[in-house]
Structure formats: C-alpha cells, structure tokens
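Undergrad: got a sequence here, can you build the structure:
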Amino acid sequence: MEEPREGRCSFCGEKSFLIADFLGLCRRCIIENFSQVRSHIQEVHRRARQSFGLPYPAPSGTSRCRICVHTCAQGEKSFCGLVEEGKRWAGTPKRGLLEWYYDDLPTNCVAASVCPERKHFGYQNLAVFYAGCSLNCLFCQNWHFHRLLAERKPLASVEDLLKALHPRVACVCFFGGDPAPQIAHALAFARKAKTMVRVCWETNGTVHPEILQRMYKLSCESGGILKVDLKAFDERIHFALTGVTNRRTLENFAWLAEESKKHERPTVVASTPLVPGYVPEEEVEQIALFIARLNPDIPYVLLGFAPNFFFDNLPTTSVRHAEEALKRCQGAGLKNVLIGNRFLLSQWY
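TA: Numbering: from 1, shown residues only. Prediction:
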C-alpha cells in the first residue's frame, strides 16, 4: 500500500496527510472560514474540470435543462458534458454513453446485505455504467467515466441492453458517474426491463424530484432498490468535496425515506464514503441522525475510501475511523448499519 503524502492548508498553514493537497484546505478552515475560502474552493473545482474540458460552474441562461440541480443553459456545454450547443448527443431514449458488464451474484453492491438476490447463486447482475455526472467529487472512485466522455463511445441503444438480458440475469443496476444525466435512456430501458429483472439505481440524489419519483416507482414495481450516496451532511463540506450544494440531495432523500415506510422490504439504502480528514465520525453522525429522524430502518452503508483522482495523497480509511463511525450511527438510532468494504481499511491514522 502506497504511503500517504502530506498536504498543506493554504488558509491556516497546517500540514497533514489528512489534508488533500489538491484542495489545499483542511476541514476546520472549510467550516469555520467558509465565506473566505469559498472562492478558493470554486477555483479548485474549475481547474479540476478544465482538465476534462467541462464547465464550472454550470452555465446559466434562460432556456434551461431541468434534469438535475444545475438547470444548465441549453445553448452551452452542460455541466455533465452531454449537451453541446443546445443538442444532447447522448442520454436520449435512443442512445446512451455507457459500458455494461455482468457481475456474478451475490455482488459487492452497496445494498448487498439486504438485496433480495444476495443468495441467488448462479445468476448475474447487469451493471450499467453511465458516463457523466452532476457532481464533481474530487475523490471520485469511478472517475474513468471522463474517458468515455472524451472519446464519445461506447454508445448503446435500449435494444442493445435488452439483448444483454439473458435468462440468468436477475437484476440491473444503473450507476456511473451517475445515471441522472442520462436518465431518459435509463428510464426507457427500465420500463421495458422491469417485468424481467429487478431495477436498481446508485445515485447522488441531485436529479429533479419528479424524475426521482419515476426512478423509485420502477424500482419498487420490479422489486429493486434505490441507493443514495450522501457525501456529507454539512453543506460547506459537501461543496468543498463535490463543488455542488447538497440541498436537493437531502430533500430528495427525505421524500424517499417517507415513501420507504410504505414497504415491508428495504427499498432505499444510503451510503457514505469515509473520506479521511473530511468525513470524520462527527460528520457521519450528523448524516445518521438525519436518516434516523426520517426512518431508522433504512440501511446505511459506510464505505472505505481509497486514494484516487485528485485526492491521491490521502490515506485509505482507517479501521478506527470506520468502526467509530459505525458506533456513532448505532448511537444515533439507526438499526441497520454496516461497513461495506472492510478490505480497503488501513491503520494509517
């Protein structure tokens, strides 16, 4: 395992391997001095996205896309990169920019502990990986979707995906990136596939509420699960890590949590990547309290972080960090909490 490298906070001068060198800010300064460091955060995200030819912030104007929280002006390149000069070149009902593959069941899915297919040995999950995202996570674990955007391939139709549904495919999961920027394509496929397989989603929750409701309905009708990644509870931390507010995400999750009470089985699962230095136990506890107030039965999965993308100097999540976060979640009243990928955990801090 590669040794973590020291980063420095440009505001207070502190040095630590729990400070992302690319971001150049510690958690304390983000929270205590947000108004002063906000412009620095925006510049960091602008530079990160510039390296992939993507705009930051989202283009503003009168004619707007309503798919996600950004409501991009449609005459310019969109935040997700899938719309240029007013034309959407992927993510339509006919064409999606994606990769797909089979995962043998049971998989390492975020919802694996409550998945109805977790004991369905000999069957497979169809994993549909969409390019494009509505966040700009500097710690992204699946950042290679940018390569698909740059190459504009591979492209697949709904019919291509339907042909992939052989008799031993039990479920499909849309993820990425995020399925939201190409939701028209995902929904078109899901509507045709829902009678054949369980339909599941992994999303950051920034999609328009009306679209989220359609996603959730398809999951419930097919016996699937909608999984929401809650990156942080504090809006300042969320903004620093992703470049985007989390207000829409929290509002959407609150709606899902209320709807989930109508079902006997788990239909919603939450998860959080434990980013060292930025998503410590106290941040996770706030997320857990938020979920518990809504529905304490919702499963919550804590995910180990691996140094990657622009946060490559940080250590992997430590065992102590993960286990203390787990205790805090249980103390907050959640009934079903687990550490999702213990194999990643380290002893660095």
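Undergrad: dump stretch 246-264 to PDB, keeping only the CA atoms.
TA: Extracted C-alpha coordinates of stretch 246-264, given in PDB (Å, rounded to 0.1, in the frame of the first residue of the first chain):
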ATOM      1  CA  ASN A 246     -26.400  19.000  -1.100                       C
ATOM      2  CA  ARG A 247     -29.800  20.700  -0.600                       C
ATOM      3  CA  ARG A 248     -31.500  18.900  -3.400                       C
ATOM      4  CA  THR A 249     -30.000  15.600  -2.300                       C
ATOM      5  CA  LEU A 250     -31.200  15.900   1.300                       C
ATOM      6  CA  GLU A 251     -34.700  17.000   0.100                       C
ATOM      7  CA  ASN A 252     -34.900  14.100  -2.300                       C
ATOM      8  CA  PHE A 253     -33.700  11.600   0.400                       C
ATOM      9  CA  ALA A 254     -36.300  12.900   2.800                       C
ATOM     10  CA  TRP A 255     -39.000  12.100   0.300                       C
ATOM     11  CA  LEU A 256     -37.600   8.600  -0.400                       C
ATOM     12  CA  ALA A 257     -37.400   7.900   3.400                       C
ATOM     13  CA  GLU A 258     -41.000   8.800   3.900                       C
ATOM     14  CA  GLU A 259     -42.100   6.600   0.900                       C
ATOM     15  CA  SER A 260     -40.000   3.700   2.100                       C
ATOM     16  CA  LYS A 261     -42.200   3.400   5.200                       C
ATOM     17  CA  LYS A 262     -45.000   2.100   2.900                       C
ATOM     18  CA  HIS A 263     -43.000  -1.100   2.000                       C
ATOM     19  CA  GLU A 264     -42.200  -4.100   4.200                       C
END
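Undergrad: can you list contacts of the helix or strand where residue 290 lies?
TA: Assessed by DSSP states H and E, residue 290 sits inside helix 281-294. Contacts with helix 281-294, where a contact means C-beta atoms under 8 Å, 6 or more residues apart in numbering, come from 230, 232-234, 237, 250, 253-254, 257-258, 270, 272, 274, 298, 300, 302, 321, 324-325, 328-329, 331-334, 337. Backbone N, C-alpha and C define where each C-beta goes, glycine included.
Undergrad: equivalent analysis for stretch 52-64, please.
TA: For stretch 52-64, the external contacting residues (C-beta under 8 Å, 6+ apart) are 42, 45-46, 48-50, 70-79, 81, 86, 136, 146, 149-150, 243.
Undergrad: go with 6 Å
TA: Applying C-beta atoms under 6 Å, 6 or more residues apart in numbering, the contact partners of stretch 52-64 are 45-46, 49, 70-74, 76-77, 79, 81, 146.
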